[in-house]
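Peer 1: Next input, structure requested:
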Amino acid sequence: MFQVFLGLTPFIGITLIGYLLGYIKIFDLQKARIFNLFSFYIAVPALIIKLVAQSDIGEIDVSQISSYFLMQLTSGIFAFLLTKNTFKRSIQESIIWALTVALSNHVILVLPIAEIFFAGSTITQISGIILMDSVVLLSIVSFFLELTVKKRIKLFQFLRNLILNPMILAILIGLIIRISKINIDETPFEYILQRLAACVMPVGLFAIGIILSFYSKKVFNKLTITISILKLIISPMILLILGYTFFSLSNPINFAGALLVSVGPCGATSIVMCSAYNVSPENIIKAIFISTFASIFTFLFTINLLNY
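Peer 2: Residues are numbered from 1 along each chain as shown. Below is the predicted model:
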């Protein structure tokens, strides 16, 4: 247990440093936004290009990915209905709450943690989930959010905006490299990708720490606590039930990648969606705050379970 906690300390420490420097006003939300822009447009796409171009996509477990996607749909729909009907939120905000529950902070937090504690197969499954979320989940959420604003969607314009998304572009570039069988190993291009991809975790967590410091007052309320429980406890339970019932995944180790992602905290992409659709991010940031620090315990439990 202590060794696992020791492995998690860099992630906890970087977030706390960002929080502290934000709290004493050395860094503000504008500077955090610059860090996030760097991550969104440069570091994360570099990581995705590397994953697609160099990972063995053929080893992605369809059963594991399918059970995870069904869990996302189930948890997301439940979060939407709960926030809209019980907490009386707008349709736009409820859709973003659904995304907050369905999407883990897998790029910034889960993948780097998995690289410390698990072998290549688990990394491959997590990479598959990241790619699926980048293409499928975010497209679904964007589509419904656009419907609430415009009522009618121009398909060409929607697809153009989708393709111009940095993560989608990164996947396409990675696929071109892979299909063309271009070997980027030990080339300047690979070294650039490696250095940029290495920035994803520290820059992302540092920015999250800064943002959390500005919303740390009165963090706990019925909505943020409910969402955090739904994300960290109920969603993994749904995944276990779906995996066991429909995909014969009787042993948690058989879907370690999906399980590890499911116990991760709420994804920070929801904050970007709030800005785009004029939704107050305050409670969503507070839910990210709670789930980020509470995920220390879900990661500890899950990593010990999978390594037992």
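Peer 1: in stretch 154-169, what counts as buried?
Peer 2: Within stretch 154-169, the residues that count as buried by 16 or more other C-beta atoms under 10 Å are 165-168. Quick note: C-beta positions are derived from backbone N, CA and C, even for glycine.
Peer 1: ah, wrong one, I meant stretch 237-251
Peer 2: 238-240, 242-244, 247, 249.
Peer 1: looking at the chain, which helix or strand does the model trust least?
Peer 2: One helix or strand of the chain scores below all others by mean pLDDT, DSSP states H and E: helix 155-163, with a mean of 76.
Peer 1: other SSEs contacting the longest helix along the chain?
Peer 2: Counting by DSSP state H, the longest helix found in the chain is helix 282-306. Contact here means 3 or more C-beta pairs under 8 Å, 6 or more residues apart in numbering; DSSP states H and E; on that basis helix 282-306 packs against helix 2-23, helix 91-102, helix 111-117, helix 200-213, helix 222-229, helix 256-262, helix 269-276.
Peer 1: How far does that helix sit from its chain's centre?
Peer 2: 12 Å (C-alpha atoms, centre = their mean, to the nearest Å).
Peer 1: Where does pLDDT dip in this protein?
Peer 2: Within the chain, the stretches with pLDDT under 70 are 1-2, 151, 153, 308.
Peer 1: ok, the one residue sitting closest to the centre of it - contacts?
Peer 2: For the chain, the residue nearest the mean C-alpha position is N105 (2.9 Å; C-alpha atoms, centre = their mean). Residues near N105 by C-beta atoms under 8 Å, 6 or more residues apart in numbering: 208, 264-268, 288, 292.
Peer 1: thinking again about what came up before, compute the inter-axis angle for the longest helix of the chain and helix 222-229.
Peer 2: 30 degrees (axes from the mean of the first three to the mean of the last three C-alpha atoms, to 10 degrees).
Peer 1: oh, and call the first residue 50 from now on, that's how I've got it
Peer 2: From this message on, residue numbering opens at 50, which makes the last subject helix 331-355.
Peer 1: And stretch 73-86, what's buried?
Peer 2: Of all the residues in stretch 73-86, those buried under the rule 16+ other C-beta under 10 Å are 76, 81-82, 84-85.
Peer 1: what's the spacing between the residue nearest to the centre of the chain and G107?
Peer 2: 27 Å (C-beta to C-beta, to the nearest Å).
Peer 1: Closest to L158 out of the buried residues of stretch 203-218?
Peer 2: Checking these against L158 with C-beta to C-beta, the nearest one is M216 at 16.7 Å.
Peer 1: Contacts for stretch 323-342, please.
Peer 2: Against stretch 323-342 from outside (C-beta under 8 Å, 6+ apart): 64, 139, 141-142, 145-146, 149, 154, 158, 194, 197-198, 257, 260-261, 264-265, 267-270, 272-274, 276-277, 280-281, 314-317, 319-320, 322.
Peer 1: and the residues you listed, which are buried?
Peer 2: 64, 141-142, 145-146, 149, 154, 158, 194, 257, 260-261, 264, 268, 272-273, 276-277, 280-281, 314-317, 319-320, 322.
Peer 1: one step back: show me the two of the buried residues of stretch 203-218 that sit farthest apart.
Peer 2: Between any two of the buried residues of stretch 203-218 (C-beta to C-beta), the greatest distance is 7.5 Å, for P215 and I217.
Peer 1: Was I right to think K133 contacts I145?
Peer 2: No - applying C-beta atoms under 8 Å, one finds K133 not in contact with I145, separated by 11.3 Å.
Peer 1: what's the offset of stretch 301-313 from the middle of its chain?
Peer 2: 14 Å.
Peer 1: What of stretch 205-218?
Peer 2: Between the centre of stretch 205-218 and the centre of its chain there are 19 Å (C-alpha atoms, centre = their mean).
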